[in-house]
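Student: build me a model:
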Amino acid sequence: MELTRELGKKIINETRKLIDENIIIVNKNAIIIASTDPTRIDKFHEGAQMTIQNNSVTLLTEDHIQTMKGIRPGVNLPISINNTVIGVIGITGNPQEIIPFASLMQKMTELLIQENIYIQENEWHARALETYFLEWIQMDDIPNEFLHRGELLGITLSPPFRCSIVSLNGNHIQAKTVDDVLKLFRLKLNCPVIRWGNSRLILITEEVHPQAIVNLQHQLQSAQNYIQSTLHVSFSIGIGTSINTYQIKESFQKANKALSIGRENNMTYYEDLLLEVCLDDIKTDIRHEFLDKIISKFKNEDALMNTLKIYLKNNMNLTETATELHIHINTLHYRLNRIKQLTGLNPKHTYSIALFYTAFYFLDNYTK
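Tutor: As a prediction, this is how the structure comes out:
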């Protein structure tokens with residue numbers, strides 16, 4: 001462990017709350033890396049060198065100034081981690097006045113460094129898990145060596161299991177928010193939870209008995225309610241299929257599909273996507289031909305396209321659709337009638353609704 005300038009600044013900002021004196025942080029080479037007096041940064045401190053060598057508190061008086069380089073009267077305290085001195089915290093002032101605060105300052109500094117080490121280790125572990133899972137979903141054959149590496153990272157599952165994806169809603173999600181959600185999911189589900197990008201998490205749960213999916217649903221719902229009420233964070237969940245091998249790619253892909261199709265703030269199971277599963281088997285040229293017939297006459301009219309999409313999302317409820325679009329209900333009627341005129345399909349009829357839904361599904365999933 002080495003003291004960095006960033007960590008030195010953090011220690012200065014926290015410890016100066018305890019004492020109104022100038023403070024320096026010195027690395028193991030006796031170079032000042034942080035100070036309340038910026039003019040001292042990058043200078044050699046001979047008193048700190050003595051403190052490091054002796055691993056003991058050093059009192060520096062006016063007499064020492066005449067014989068030692070880069071010092072001021074005060075107290076130097078060694079910073080030790082795992083019984084190894086990695087630097088020094090120095091406090092300028094009358095040593096007799098400073099001594100009562102010395103041990104507290106030293107302990108606080110070491111606790112701050114331990115916290116920083118913990119954060120770094122967690123960050124390394126999170127990145128290692130994400131890299132591991134990225135490799136996993138690209139593999140067709142899973143060697144034993146790979147599974148052993150997963151065990152070292154805490155992934156000790158045996159098939160059958162399934163993959164779920166949690167996506168936090170909103171823009172500019174803070175990294176701390178994702179970490180807080182991750183911790184609560186681990187607490188509630190007791191399963192591997194992997195940070196996936198900036199706003200998503202991967203959950204891998206074992207299917208140990210026939211009621212596993214029911215239990216998973218209850219656990220996810222409980223976790224969702226708790227996290228939303230505790231952190232005021234909303235999110236959606238896509239749940240993949242159960243698989244009987246270590247080839248998790250299929251479950252991940254289906255979880256991703258469920259997430260992309262599901263409604264915001266909801267849990268969506270791939271098994272429930274009956275129509276979507278059928279639509280996925282339709283050939284590309286047929287999809288394009290279908291889109292051309294259904295929406296080509298108004299696909300460039302954003303107001304009509306958005307109106308129809310919101311109308312379908314709200315299950316053809318006119319009041320809810322008009323409210324979400326911030327338009328008068330008469331305007332909504334006009335737009336729906338305009339769509340009918342252009343396509344010959346009445347958005348209020350079941351058959352037309354099925355066609356429009358299919359068209360939007362193709363647009364959202366196969367034309368991006």
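
Student: quick check: mean pLDDT of stretch 245-255?
Tutor: Mean pLDDT, stretch 245-255: 92.

Student: kindly report the same for stretch 185-203.
Tutor: 91.

Student: mind checking how far that stretch is from the chain centre?
Tutor: Relative to the centre of its chain, stretch 185-203 is centred 9 Å away, using C-alpha atoms, centre = their mean, to the nearest Å.

Student: next, the distance between the ends of that stretch.
Tutor: 9 Å (C-alpha to C-alpha, to the nearest Å).

Student: show me what counts as buried in it.
Tutor: Neighbour counts over stretch 185-203 (16 or more other C-beta atoms under 10 Å) mark 185, 188-189, 191-196, 199-203 as buried. Where you see a C-beta, it was placed from the backbone N, CA and C, and this is true even at glycine.

Student: please tabulate these in a markdown table, including the columns secondary structure.
Tutor: A markdown table is the format used below for the buried residues of stretch 185-203 (DSSP: H, G, I helix; E, B strand; the rest coil):
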| residue | secondary structure |
| --- | --- |
| 185 | helix |
| 188 | helix |
| 189 | helix |
| 191 | coil |
| 192 | coil |
| 193 | strand |
| 194 | strand |
| 195 | strand |
| 196 | strand |
| 199 | coil |
| 200 | strand |
| 201 | strand |
| 202 | strand |
| 203 | strand |
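
Student: which one of those is nearest residue 121?
Tutor: The closest of these to residue 121 turns out to be residue 195 (C-beta to C-beta; 14.5 Å).

Student: list the contacts of that closest one.
Tutor: By C-beta atoms under 8 Å, 6 or more residues apart in numbering, the contact set of residue 195 is 126, 129-130, 178-179, 182, 201.

Student: for residue 17, see how far away it is.
Tutor: 32 Å (C-beta to C-beta, to the nearest Å).

Student: hang on, the earlier thing: show me how to select, in PyMOL, the buried members of the contacts of residue 195.
Tutor: The following PyMOL line selects those of the contacts of residue 195 that are buried, judged by 16+ other C-beta under 10 Å:
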select buried, resi 126+129+178+179+182+201
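
Student: all helices of this protein, in order?
Tutor: 5-15, 46-54, 62-65, 95-136, 144-152, 175-189, 212-231, 249-261, 274-279, 284-295, 302-313, 318-325, 329-343, 350-366 (DSSP state H).
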